[in-house]
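Enquirer: 3D, please:
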Amino acid sequence: MGRVVALMDDIFFQMKVAESVKLRAAAKDMRVVAFLSHVQKELAQQAKDAGCDEVMPRSSFTQNLAEILSPAKA
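Expert: Next comes the predicted model:
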């Protein structure tokens with residue numbers, strides 16, 4: 001069964017993104033998806049720069065959650 005790591009604490013979002021990069025070093029094939037408010041453009045760029053595969057608005061994350069998590073069911 002696949003694994004899912006969810007980082008959702010908005011207050012510490014930057015720290016969590018940094019932690020996800022440490023996770024990436026351990027599991028290079030892990031997909032990292034970040035979500036945030038659509039107005040946080042600078043933070044979105046920081047997430048991309050930190051190595052997130054996808055960065056999306058919270059609304060898109062919520063709408064696509066089943067699809068995002070579907071690989072973990074395998």
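Enquirer: OK, contacts around Ser59?
Expert: By CB atoms under 8 Å, 6 or more residues apart in numbering, Ser59 lies in contact with His38. All C-beta spots, glycine's among them, are computed from the backbone N, C-alpha and C.
Enquirer: and the next element down the chain from the helix or strand containing it?
Expert: Element membership of Ser59 [criterion: DSSP states H and E] is helix 58-63. Following helix 58-63 in sequence order, the next helix or strand is helix 65-69 (DSSP H and E).
Enquirer: For that next one, give the mean pLDDT please.
Expert: Average pLDDT, helix 65-69: 87.
Enquirer: mind listing what the residue nearest to Ser37 when sequence neighbours are not counted touches?
Expert: Nearest non-adjacent residue to Ser37, counting by CB to CB, 6 or more residues apart in numbering: Arg58, 6.2 Å away. By CB under 8 Å, 6+ apart, the residues touching Arg58 are Phe35, Leu36, Ser37, His38.
Enquirer: now the residues you listed in JSON lines, with secondary structure?
Expert: JSON lines is the format used below for these (DSSP: H, G, I helix; E, B strand; the rest coil):
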{"residue": "Phe35", "secondary structure": "strand"}
{"residue": "Leu36", "secondary structure": "strand"}
{"residue": "Ser37", "secondary structure": "coil"}
{"residue": "His38", "secondary structure": "coil"}
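Enquirer: Please list only the buried members of those.
Expert: Buried members of those, counted by 16 or more other CB atoms under 10 Å: Phe35, Leu36.
Enquirer: so which of the contacts of Arg58 comes closest to Ala66?
Expert: Phe35 (14.5 Å; CB to CB).
Enquirer: what's the closest non-adjacent residue to the closest one?
Expert: Phe61 (3.6 Å).
Enquirer: quick revisit: could I get the contacts of Arg58 in JSON lines, plus columns for distance to Ala66 and pLDDT?
Expert: Shown next, in JSON lines, are the contacts of Arg58 (distance: CB to CB, whole Å; pLDDT from 0 to 100):
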{"residue": "Phe35", "distance to Ala66": "14", "pLDDT": "87"}
{"residue": "Leu36", "distance to Ala66": "20", "pLDDT": "87"}
{"residue": "Ser37", "distance to Ala66": "22", "pLDDT": "87"}
{"residue": "His38", "distance to Ala66": "21", "pLDDT": "86"}
